[in-house]
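J.: next one to model:
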Amino acid sequence: MRGALISAAAGTALLLFPALAVADDGGDLSAKELAQQAKDNFLKAKSVHLGYTDHSKNAAADRTKAVAMDLSLDRDGNCAGSLTMGKGGGSVELVKRGREVWMKPDAAFWKAQVPGPQGAAVAELFKDRYVHGTTADAMLKGMADTCDLAAFQKQVDSGVADDKTLTKGEETTRDGTKVIPLKGREDGKDSVLYVTSGSPHRLAEAAQKGAGTDVDLKFGDYDKPVPSKTPPADQTVEVDRLNQQLGS
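T.: Numbers count the residues shown, from 1 in each chain. From the prediction side, this is the model:
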């Protein structure tokens, strides 16, 4: 579970930092200035809502790979949202507050992650319930690592600049927000960053396509608190019971 989910998280940052690192210097408000301000505001964000989708055929066919995330997360490691796996891999709801973690996989997720008849048994045993524990549990920690906004920001900030030059496009509207597209191309891949037209300039969307890659990301709710509601006790099962079931 951990590898699939963390690879999706890392992919978002890897898409961002090469494009934000280098941009052209032309114009009154240049692509470089827009990109740098968007990067700076992302690095300063205390929280953000992230939507990630991998549309590539290879990812969609892999039921062990996370192909979509819809997650609110903050720098304290709190989060709430869901992750979706490739075809047949199901999905999992995720909540983290401090060290406490709740995850609610659907039946398809259990069957894809737990091999053989045991997967069906686990799916039935924990049907429609959250598994609850802390980050001291290796499996829950692997899930919870996806919630770390600070880790995203560190990857973006530590990106090595390349020779890519971004070109500033005309103002447009995406999801009701006025944005300016910054376009670039490298290694057979086209990338575009959509930075909000108004100040503060923030990254609203990013996409990359070509050479087996087809991913997009959406960003919103900068600095808005992560939903703090946690699942009620009557809808949860402690992680020790899951570990016992898997061990048996």
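
J.: was I right to think Ala35 contacts Tyr194?
T.: No. When contacts are counted by CB atoms under 8 Å, Ala35 is not listed as touching Tyr194 (11.2 Å). For the C-beta atoms, the positions are set from N, CA and C on the backbone; glycine is no exception.

J.: how about the nearest residue to Pro181, chain neighbours excluded?
T.: Counting by CB to CB, 6 or more residues apart in numbering, Pro181 lies nearest to Gly169, which is 4.0 Å off, once chain neighbours are set aside.

J.: what about stretch 112-123, start to end distance?
T.: Using CA to CA, to the nearest Å, one end of stretch 112-123 lies 10 Å from the other.

J.: could I get the pLDDT score of Ala59?
T.: Note on Ala59: pLDDT of 74.

J.: do you know how far it is from Ala66?
T.: 9 Å (CB to CB, to the nearest Å).

J.: between the two, who's got more neighbours?
T.: Neighbour comparison, Ala59 and Ala66: the larger count goes to Ala66, with 26 against 23 (by other CB atoms under 10 Å).

J.: so in this structure, where's the weakest helix or strand by average pLDDT?
T.: For the chain, counting by mean pLDDT, DSSP states H and E, helix 2-21 ranks last in confidence among helices and strands (a mean of 59).

J.: picking that back up, need the overlap of contacts for Ala35 and Tyr194.
T.: Taking CB atoms under 8 Å, 6 or more residues apart in numbering as the criterion, Ala35 and Tyr194 both touch Leu182.

J.: what segments of this protein are strands?
T.: Listed in chain order, the strands of the chain (DSSP state E) span 47-54, 66-74, 79-85, 91-97, 100-105, 130-134, 167-168, 172-174, 177-186, 189-196, 203-210, 213-220, 236-238.

J.: each with direction, which strands does the first one pair with?
T.: Put plainly, it is strand 47-54. Strand pairing for strand 47-54, using DSSP bridges, gives strand 66-74 (antiparallel), strand 213-220 (antiparallel).

J.: tell me how far that strand is from the chain's mean position?
T.: With CA atoms, centre = their mean, to the nearest Å as the basis, strand 47-54 stands 5 Å off its chain's centre.

J.: the inter-axis angle of that strand versus strand 79-85?
T.: Put simply, strand 47-54 runs at 0 degrees to strand 79-85, going by axes from the mean of the first three to the mean of the last three CA atoms, to 10 degrees.

J.: now do the second one
T.: With the same axes, to 10 degrees defining the directions, strand 66-74 sits at 180 degrees from strand 79-85.

J.: tell me the angle strand 66-74 makes with strand 91-97.
T.: Going by the same axes, to 10 degrees, strand 66-74 is angled at 20 degrees with respect to strand 91-97.

J.: so for strand 66-74, mean pLDDT?
T.: Strand 66-74 carries an average pLDDT of 91.

J.: which outside residues touch that strand?
T.: For strand 66-74, the external contacting residues (CB under 8 Å, 6+ apart) are 4-5, 7-9, 12, 46-54, 59-60, 79-86, 94, 146-149, 221, 224-227.

J.: can you rerun that using 7 Å?
T.: 4-5, 8, 46-54, 59-60, 79-86, 147, 149, 221, 226-227 (CB atoms under 7 Å, 6 or more residues apart in numbering).

J.: how much space between the nearest residue to Ala80 once chain neighbours are set aside and Leu94?
T.: In space, and not counting its chain neighbours, Ala80 is closest to Pro227: 4.6 Å by CB to CB, 6+ apart. The gap separating Pro227 from Leu94 is 12 Å, by CB to CB.

J.: all set now, cheers.
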